[in-house]
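**Student:** need the 3D shape of this:
(chains A, B and C)
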Amino acid sequence: MSRDRLNSTFFERDVLEVAPDLLGKTVIRMLDGVRSEWMISEVEAYRGEEDLACHASRGRTKRTEVMYQEGGRLYVYLIYGIYWMLNIVTGKPEYPQAVLIRGLSEIRGPGKVGRVLHIDKSFYGESVVISERIWIEKGISVPEIKIADRIGIDYAGEYWKNMKWRFFI
DNA sequence: AGCAAGATCGGT
DNA sequence: CCGATCTTGCTG
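**Tutor:** Numbering: from 1, shown residues only, chains lettered A, B, ... in the order given. The predicted model follows:
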């Protein structure tokens, strides 16, 4: 067990605090006994049922259930039948939120992130607070955090589409 | 039961 | 710009 692993206190905060705080942090992935490390470089926040870009805007379903759990669990889902999206649930139970990991080190794009970390359905609901195969550790301090609107959510309407909830280095 | 769309990416 | 490829949620 690593001293540097981020605990539940870190993840059980509002997604708009956790998302930018994740930049520069380290993702540790254990696969076949081999440890790999990646620095988080880009994230997006999805916040609550009122956020029309958030999958929880359609309420509590089998798919969104984990977002209603405590922060630190993983919300993963398959998009376009090909790419696994990796999200970390944040906040307290009953307040659906999650951070989409869009970039790692030199890896750009959430589809590539899922691919390089070998993410699949078995990670749904897993907690990075206790998992033995994926967790987050403290990393480097980020000099400047850049902010922009989220990508690929044209369906969410102008208001939510314009929220500056994407953070990157 | 059937169907349309999707928090993407890589190749024309 | 288009196809890949399959799960999900909505409709009937």
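**Student:** where does chain A have low pLDDT?
**Tutor:** Scanning chain A for pLDDT under 70 picks out the ranges A:1.
**Student:** what about the helices in it?
**Tutor:** Ranges of helices in chain A, per DSSP state H, are A:8-11, A:15-22, A:110-116, A:157-161.
**Student:** for the closest residue to A:Ala148 other than its chain neighbours, list each beta-bridge partner.
**Tutor:** Excluding the flanking residues, the one nearest A:Ala148 by Cβ to Cβ, 6 or more residues apart in numbering is A:Arg166, at 4.7 Å. (Glycine included, C-beta is placed from N, CA and C.) The partner list for A:Arg166 in beta bridges (DSSP bridges) reads A:Glu44, A:Ala148.
**Student:** quick check: A:Arg166 vs A:Gly81, distance?
**Tutor:** 25 Å (Cβ to Cβ, to the nearest Å).
**Student:** contact residues of chain A facing DNA strand C?
**Tutor:** Residues of chain A found near DNA strand C, taking Cβ under 7 Å from any atom of the strand as the criterion, are A:55, A:58-59, A:61-64, A:77-78, A:80-82.
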